[in-house]
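A.B. asks: Next comes the sequence, and after it the predicted model I'd like to discuss.
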Amino acid sequence: MDAVVIFASLTGNTEEAAEIVASVLEQEYDIDVEIYDAMQADAEDFLDFDLCFLGSYTYGVDGILPDEMLDFYDDLGGLDLSDKVFGVFGSGDHFYEIFCGAVDTFEEQFIKTGATQAAPSVKFSLAPDEEEDIKQLHELAHSAVRQWKEMNE
Ligand SMILES: Cc1cc2nc3c(=O)[nH]c(=O)nc-3n(C[C@H](O)[C@H](O)[C@H](O)COP(=O)(O)O)c2cc1C
């Protein structure tokens, strides 16, 4: 089993969460994990891995996707990831009307690919430093491994 964690992060909060997810997979399951910045990655990269994680912050007047993620989002929708497990997470800020809209938007797009959702998507405010944030990110990683094993045993 292998995994990729692709993240979009402007100020480092979502990147921190990407590292938490990756470290659980590496340390607790000895899984090979690649971590890519979305600016240097393509949605097609998901085709090469069993477990596909995407982290994105939310930005902009409509509270949805950061501009630099629009092409990535479109490309993701055209993929068949039916033999994969996915998990989505991202940082936002309760100050804004739509909290972590990018997380919901990417979750919907992943569902269209036919991939199996590991666990509910994880939204957190600013840095993932609350106990609950860390717990949910760990659970996302654990559930992805469980789901993949169930699908492949
Ligand atoms: C101009 C601007 C617009 C933002 N819009 C939203 C928003 O609509 N919804 C939300 O939850 N967070 C919004 N945020 C907050 C960011 O998502 C938040 O700061 C997040 O922690 C950034 O994550 P990063 O450190 O991974 O880049 C906005 C931030 C800025 C500066």
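C.D. replies: Yes, it's here. These numbers come from a predicted model, not from an experiment. Numbering: from 1, shown residues only.

A.B. asks: So residue 89 sits against residue 16, correct?
C.D. replies: No. Counting by C-beta atoms under 8 Å, residue 89 does not reach residue 16; the two are 10.6 Å apart. All C-beta spots, glycine's among them, are computed from the backbone N, C-alpha and C.

A.B. asks: And those two? Which one has more around it.
C.D. replies: When residue 89 and residue 16 are compared for neighbours, residue 89 comes out ahead with 29 against 20, by other C-beta atoms under 10 Å.

A.B. asks: Name the SS class of the more buried one, please.
C.D. replies: strand (DSSP: H, G, I helix; E, B strand; the rest coil).

A.B. asks: Next, the closest residue to it other than its chain neighbours: phi, psi?
C.D. replies: Closest residue in space to residue 89, ignoring its immediate chain neighbours: residue 122 at 3.9 Å, by C-beta to C-beta, 6 or more residues apart in numbering. Phi and psi for residue 122, reported as degrees, to the nearest 10, are phi -110, psi 120.

A.B. asks: From residue 18, how far off is residue 122?
C.D. replies: 11 Å (C-beta to C-beta, to the nearest Å).

A.B. asks: who touches both of the two?
C.D. replies: Common neighbours of residue 122 and residue 18 (criterion: C-beta atoms under 8 Å, 6 or more residues apart in numbering): residue 89.

A.B. asks: What about the residue nearest to residue 89, how many residues nearby?
C.D. replies: For residue 122, using other C-beta under 10 Å, the count is 26.

A.B. asks: That one contacts residue 143, correct?
C.D. replies: No. The pair residue 122 / residue 143 is not scored as a contact, 10.7 Å apart, by C-beta under 8 Å.

A.B. asks: which neighbours do the two share?
C.D. replies: Common neighbours of residue 122 and residue 143, using C-beta under 8 Å, 6+ apart, are residue 87.
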